[in-house]
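> From the sequence below, what's the structure:
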Amino acid sequence: MKQTLLLFFTIISFSSYSQKVSTFDIVKVKASFEKEAMYFYNNNWRAFREEALKQKVIIGFEMFKSAIDSTNHFDLTLVTTYKNEKYFAEAEEKFRPIMQKVSPNGPKYLNTIKREQFLQYVAGSEGKVVYFEKYR
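Okay, here's the model as predicted:
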């Protein structure tokens, strides 16, 4: 009985530790600054994640763009997925050298307009992946 319980708790602990973790960030962008925002995210956020993917710091990333709404804004939802909680916990320290390598002089901008002028952070969260289906 003792061995069975030990095995059970080992499996439970392993499965929770090996579960994927994703982070979600939502930003609101002024439509008149779409070029600046897309340049910023492609040359910073995306570039950092492509390098992080090569280095196996993350296992995937996605960006979703909503339609422009009646206030002349649209939302970008940025998703980064980590192999498990350990990789997520180490992400901050592993992203620093990646950011330094990809953009040693700081964020890249299309022109003189800075991110504070074209985007507003709306919400962010992280959580374990409960359901994931691969598409054929």
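> Give me the pLDDT value at the most centrally placed residue in the chain.
For the chain, residue 80 is the residue whose C-alpha lies nearest the centre (C-alpha atoms, centre = their mean; 2.7 Å). As predicted, residue 80 sits at a pLDDT of 95.
> Helix, strand, or coil at it?
Secondary structure, DSSP: H, G, I helix; E, B strand; the rest coil: residue 80 is strand.
> That one and residue 95, how far apart?
With the distance defined as C-beta to C-beta, to the nearest Å, residue 80 ends up 10 Å from residue 95. For the C-beta atoms, the positions are set from N, CA and C on the backbone; glycine is no exception.
> And residue 128, by the same measure?
The gap separating residue 128 from residue 95 is 20 Å, by C-beta to C-beta.
> out of the two, which sits in the busier spot?
residue 95 (19 against 12; other C-beta atoms under 10 Å).
> got the buried residues for the helix or strand containing that one?
Per DSSP states H and E: residue 95 is located in helix 85-102. Across helix 85-102, burial judged by 16 or more other C-beta atoms under 10 Å covers 85, 87, 88, 91, 95, 98, 99, 102.
> helices or strands up against it?
In terms of contacts (3 or more C-beta pairs under 8 Å, 6 or more residues apart in numbering; DSSP states H and E), helix 85-102 is packed against helix 2-17, strand 21-30, helix 46-54.
> got a list of what residue 20 touches?
59, 81, 82, 83, 84, 128, 129, 132 (C-beta atoms under 8 Å, 6 or more residues apart in numbering).
> rewinding a little: in the buried residues of helix 85-102, find the pair that's most separated.
Maximum pairwise distance among the buried residues of helix 85-102 (C-beta to C-beta): 25.2 Å, between 85 and 102.
> right, and residue 115 touches residue 40 too?
Yes. Assessed by C-beta atoms under 8 Å, residue 115 is found in contact with residue 40 at 6.0 Å.
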